[in-house]
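Chemist: Prediction below, plus the sequence it came from.
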Amino acid sequence: MDPQIAATLVCGLLIAVGMAGVVVPVLPGSVTIAIGLLVWALALQNTVGWVVFAVGMVFVAAGMLAGAVLTGRRLKERRIPYHSILAGVVVGIAGMFVIPVVGLFVGFAVGLLLSEFARRRNFKDAAGASA
């Protein structure tokens with residue numbers, strides 16, 4: 001099998017997993033798509049690969065930005081203080097090293113929940129606010 005065809009198949013699989021990850025938050029969506037596009041562009045080593053990579057990265061960046069803005073709005077609507085968000089970010093960064101691939105997301109959720117629990121002293125309210 002031609003190496004470019006094999007790379008295209010592997011990268012197509014990575015992009016499919018990434019698209020599933022956009023819907024199912026357990027899988028890393030946008031990052032997997034970006035990696036798949038980069039590997040494909042490197043494997044093809046031509047203008048088409050790099051143009052597809054650049055266009056794909058614009059969409060990936062737009063999706064990640066939209067997700068961050070919408071998450072920020074939801075947290076503001078629920079009146080989550082900045083120190084709770086900061087706790088989520090710190091625990092999320094630590095989670096990247098503890099749980100590969102999904103540690104950032106799991107860590108952020110756990111950090112936010114723990115910070116809200118410390119603030120509210122009620123697990124049900126903290127879970128509702130951080131969900």
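Modeler: Here it is on my side, so go on. Not measured: the values here are computed from a predicted model. Numbers count the residues shown, from 1 in each chain.
Chemist: longest helix of the protein?
Modeler: The longest helix of the chain (DSSP state H) is helix 47-77.
Chemist: how about the residue most central in space within the chain, what does it touch?
Modeler: Nearest to the geometric centre of the chain sits P28, at 5.3 Å (CA atoms, centre = their mean). Shown in contact with P28 (CB atoms under 8 Å, 6 or more residues apart in numbering): 18, 21, 101-102, 105. C-beta: built from backbone N, CA, C; applies to glycine.
Chemist: what's the burial count for the closest residue to G103 other than its chain neighbours?
Modeler: Nearest non-adjacent residue to G103, counting by CB to CB, 6 or more residues apart in numbering: G95, 3.5 Å away. Residues lying near G95 (other CB atoms under 10 Å) number 21.
Chemist: where does G95 land in three-state SS?
Modeler: Three-state assignment for G95 (DSSP: H, G, I helix; E, B strand; the rest coil): helix.
Chemist: Pick out the lowest-pLDDT one from the contacts of P28.
Modeler: Minimum pLDDT across these is recorded for V101, with 66.
Chemist: in stretch 114-129, what's buried?
Modeler: Going by neighbour count (16 or more other CB atoms under 10 Å), the buried part of stretch 114-129 is 114-117, 119-120, 126, 129.
Chemist: nearest to W50, of those residues?
Modeler: S115 (42.5 Å; CB to CB).
Chemist: So the closest one versus M1, what's the distance?
Modeler: 51 Å (CB to CB, to the nearest Å).
Chemist: what sits against the residue nearest to G103?
Modeler: Counting by CB under 8 Å, 6+ apart, G95 has contacts 103-108, 110-111.
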